[in-house]
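Trainee: based on what follows, work out the 3D shape:
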Amino acid sequence: MTLTNFTPYFPSTVGFDRLFDALERVTVEKSTFPPHNIIRYEKNPNKYFIELAIAGFSQDEIDIEIVKGVLSISGKKKEKNENYSYLHCGIANRSFKKIFHLAETVRVNGAVLSDGILTVELENVIPEEELPKRIPIVAGKQQSKLLQE
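Mentor: As a prediction, this is how the structure comes out:
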């Protein structure tokens, strides 16, 4: 089921098919557990943080990996203690897998688990050759070498 139609862009774009495919996949994935935030750092707009509310999970129950621009965060609870039973279980501790599609220039710098919140730090690292460059203008009567040929 396609929720987004990118066909109007096809006649005027070249090489964006992978981007359109990725955007289409993202619109289909609707995982709501665990709740999360995506934050951009105001002092450095190239820095991002993903926060996941994973109360009850320990460090060794969480797995974070990145493969081909896809950040995958998953959690699997260990076996429960069979010496007791819950009368009410309101704290979610089910297994989860959260997927984030990253731009080619986004790098994962690390992750911290504190007070039930997993924070993953990301940074958009733009290669030097892709940064904007100013083109100097030469004043005077010099003619372009291209015009002299």
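Trainee: name the residue closest to the centre of this protein, please.
Mentor: residue 102 (3.9 Å; CA atoms, centre = their mean).
Trainee: isn't that residue up against residue 66?
Mentor: Yes. Using CB atoms under 8 Å, residue 102 is in contact with residue 66, at 7.3 Å. Bear in mind the C-beta positions are built from the backbone N, C-alpha and C, glycine included.
Trainee: overlap in contacts of these two?
Mentor: The contact sets of residue 102 and residue 66 overlap at residue 108 (CB atoms under 8 Å, 6 or more residues apart in numbering).
Trainee: where does the protein dip in pLDDT?
Mentor: 1-4, 13, 16, 18, 22, 25-31, 81, 140-149 (pLDDT under 70).
Trainee: let's see it at 50
Mentor: 1-2 (pLDDT under 50).
Trainee: the strands in it, which residues?
Mentor: 36-40, 47-53, 62-67, 70-75, 96-101, 106-114, 117-124 (DSSP state E).
Trainee: since that was my last question, I'll sign off now.
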